[in-house]
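Asker: give me coordinates for this.
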Amino acid sequence: MKTSKASQRRTAKSTSQQGESSKPASTSTSASADPQTSLFSFRRIFMRIVFIAVTMYIVRNKFGNQLTTLVAVDTETEKATFDVICSDDYETRFRGCNPVHCKRVVMDGLFTMEEIEQLKRIADKGMALGGSTGGPTVLDLHSGAVSKGGKFINVYKVAELQGMSPVFTDEDYSLYKSVKDVIKHLIVSEFDVDPSHLYLTKPTFFSRITALPAKTIHDEYWHPHVDKVTYGSFSYTSLLYLSDYQKDFQGGRFVFLDSDNNKTVEPRSGRLSFFTSGSENTHFVERVRSGTRFALTVAFTCDKKHAIDDPQPR
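Answerer: Below is the predicted model:
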């Protein structure tokens with residue numbers, strides 16, 4: 001990592017920790033959630049995706065197949081910013097946190113390849129206890145929910161029942177928190193947000209997508225959607241890619257739907273993409289045609305009632 005980026009990360013951690021200290025002690029984490037509760041929560045999210053899919057399908061067809069590449073996989077960029085006009089999706093009661101200017105930001109080189117590989121190992125360890133039979137597998141480190149077949153199980157409870165050692169190490173949780181802190185600091189800085197009013201929210205999760213055909217409607221990840229509608233609590237969305245487009249998988253590009261033409265950010269290991277979560281950033285992920293696509297989604301909310309704590313070693 002370059003010295004300037006390392007310095008930036010140290011500043012990020014310090015700034016983010018100050019913001020986190022303002023979280024109320026009563027804010028509870030989803031890590032202790034019952035597996036059935038987690039399953040219900042994820043099913044509800046998927047049904048929201050399906051609910052808006054028809055409308056977004058029409059929008060997608062209207063814009064056709066024209067595609068502009070915003071940032072290519074073979075282009076390393078320190079920072080690329082793309083302004084968009086904000087939608088009316090943001091509640092006025094969250095002044096000081098809601099975006100005044102909406103945009104998409106892409107940055108490379110924030111994390112070392114060793115850190116990216118460790119994040120991928122975290123995903124592998126959790127998903128080894130589950131695994132979807134069609135397309136995407138999702139792991140939520142907070143609740144322990146992981147896809148298994150057509151349902152979700154709790155990796156923490158599975159490990160406990162089987163008398164296994166803890167699935168994740170203290171170093172895993174520490175890296176996860178460090179990455180989250182860096183992302184939060186960048187969002188705070190880029191969107192001029194009061195850090196004491198910005199909270200980590202759920203679902204924040206690892207995803208692994210393969211070319212396996214969808215078995216259920218829940219496996220159809222490629223439908224266009226709006227994060228603020230699909231997940232409810234999202235104000236700012238970030239994606240940290242853990243694999244490379246074309247090298248590790250084919251298809252699987254992240255595509256924004258715009259009025260002129262569609263625009264894509266090609267996944268690259270260590271690439272961070274973050275943006276406002278309203279309908280100004282309607283998007284979808286192309287179907288993965290071959291290989292395996294890994295990513296980490298980290299989301300933030302302006303609504304304190306949807307805040308979650310960092311996951312704790314279990």
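Asker: contacting residues for the residue nearest to residue 191 when sequence neighbours are not counted?
Answerer: In space, residue 191 comes closest to residue 99 once its chain neighbours are excluded; the distance is 5.2 Å by Cβ to Cβ, 6 or more residues apart in numbering. Any C-beta I mention is one placed from the backbone N, CA and C, and that applies to glycine too. For residue 99, the contacting residues are 86, 90, 191, 193, 235, 236, 276, by Cβ atoms under 8 Å, 6 or more residues apart in numbering.
Asker: what's the farthest-apart pair in the residues you listed?
Answerer: Using Cβ to Cβ, the two most remote members of those are 86 and 193, lying 13.8 Å apart.
Asker: packing partners of the strand or helix carrying residue 174?
Answerer: Element membership of residue 174, judged by DSSP states H and E, is helix 170-191. Counting contacts by 3 or more Cβ pairs under 8 Å, 6 or more residues apart in numbering; DSSP states H and E, helix 170-191 packs against helix 3-20, strand 102-107, helix 113-127, strand 199-210, strand 236-241, strand 272-276, strand 288-301.
Asker: could you redo the last one with a cut-off of 7 Å?
Answerer: helix 3-20, helix 113-127, strand 236-241, strand 272-276, strand 288-301 (3 or more Cβ pairs under 7 Å, 6 or more residues apart in numbering; DSSP states H and E).
Asker: could you tell me the least trusted of those?
Answerer: Looking at the helices and strands packed on helix 170-191, the lowest mean pLDDT belongs to helix 3-20 (a mean of 45).
Asker: these two touch, right, residue 120 and residue 240?
Answerer: No - with contact defined as Cβ atoms under 7 Å, residue 120 does not reach residue 240; the gap is 10.6 Å.
Asker: more neighbours: the two, which one.
Answerer: residue 240 (26 against 19; other Cβ atoms under 10 Å).
Asker: ok, and the closest non-adjacent residue to that one?
Answerer: Counting by Cβ to Cβ, 6+ apart, residue 296 is the residue found nearest to residue 240 once chain neighbours are left out, at 4.5 Å.
Asker: ok, the one you found - how many residues close by?
Answerer: Neighbour count of residue 296, defined by other Cβ under 10 Å: 25.
Asker: which residues does it bridge with?
Answerer: Counting by DSSP bridges, residue 296 is bridged to residue 206, residue 240.
Asker: so it touches residue 242, yeah?
Answerer: Yes - judged on Cβ under 7 Å, residue 296 makes contact with residue 242 at a distance of 6.4 Å.
Asker: assign a three-state SS to residue 309, would you?
Answerer: Classification of residue 309 by DSSP: H, G, I helix; E, B strand; the rest coil places it in coil.
Asker: quick one: low-confidence ranges for this protein?
Answerer: 1-65 (pLDDT under 70).
Asker: count the residues that sit near residue 253.
Answerer: Per other Cβ under 10 Å, the neighbour tally for residue 253 reads 21.
Asker: nope, residue 78 is what I meant
Answerer: 12.
Asker: what residues are up against it?
Answerer: 107, 108, 109 (Cβ atoms under 7 Å, 6 or more residues apart in numbering).
Asker: I'd like the distance between it and residue 241.
Answerer: Going from residue 78 to residue 241 by Cβ to Cβ, to the nearest Å gives 16 Å.
Asker: rewinding a little: what do residue 296 and residue 242 both touch?
Answerer: residue 119.
Asker: could you check the angle the helix holding residue 174 makes with strand 102-107?
Answerer: Counting by axes from the mean of the first three to the mean of the last three Cα atoms, to 10 degrees, helix 170-191 lies at 130 degrees to strand 102-107.
Asker: so how far is residue 132 from residue 213?
Answerer: 11 Å.
Asker: same check, this time on residue 142
Answerer: In terms of Cβ to Cβ, residue 142 sits 19 Å off from residue 132.
Asker: between those two, which one's more packed in?
Answerer: residue 132 (25 against 22).
Asker: just checking, that one touches residue 147?
Answerer: Yes - with contact defined as Cβ under 7 Å, residue 132 reaches residue 147; the gap is 4.3 Å.
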